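Engineer: pasting the structure only:
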């Protein structure tokens, strides 16, 4: 039981004193980067799907 209590105390100490938490502005910037990257990937997948669909329609229509 002492090991479990020591584990939680060490975990709390590390989270409070040793972890460097991002500031609000860093967090906002990271969220914007993720948003743009997600949109870019979605557009690339959409373009690939659109092209593949038209290629398949061309191949199977003849």
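Structural biologist: Yes, it's here. Note that the coordinates shown come from a computational prediction; the quantities given were computed from them, not determined experimentally. Numbers count the residues shown, from 1 in each chain.
Engineer: okay, CA-based contacts and neighbour counts for the rest of this
Structural biologist: OK.
Engineer: so residue 52, which of the three states?
Structural biologist: In three-state terms, and counting by DSSP: H, G, I helix; E, B strand; the rest coil, residue 52 is helix.
Engineer: again, but for residue 20
Structural biologist: Per three-state DSSP, residue 20 ends up coil.
Engineer: residues near it, how many?
Structural biologist: Using other CA atoms under 10 Å, the number of residues around residue 20 comes to 9.
Engineer: got phi/psi on it?
Structural biologist: When read as degrees, to the nearest 10, the backbone of residue 20 gives phi -100, psi 110.
Engineer: so for it, what's the pLDDT?
Structural biologist: With respect to pLDDT, residue 20 scores 91.
Engineer: check residue 62 too.
Structural biologist: Residue 62 is given a pLDDT of 69.
Engineer: next up, the contacts around residue 28.
Structural biologist: Contacts here follow CA atoms under 8 Å, 6 or more residues apart in numbering; on that basis residue 28 touches nothing.
Engineer: next one, pLDDT for it please.
Structural biologist: 98.
Engineer: same check, this time on the one 4 residues further on
Structural biologist: According to the model's per-residue confidence, residue 32 sits at a pLDDT of 98.
Engineer: now it: how far from residue 22?
Structural biologist: Residue 32 is 14 Å from residue 22, where distance means CA to CA, to the nearest Å.
Engineer: ditto for residue 39
Structural biologist: From residue 39 to residue 22 the distance is 24 Å (CA to CA).
Engineer: can you check residue 60 too?
Structural biologist: Taking CA to CA, one finds residue 60 at 53 Å from residue 22.
Engineer: next one: residue 46
Structural biologist: In terms of CA to CA, residue 46 sits 33 Å off from residue 22.
Engineer: next: residue 13.
Structural biologist: From residue 13 to residue 22 the distance is 18 Å (CA to CA).
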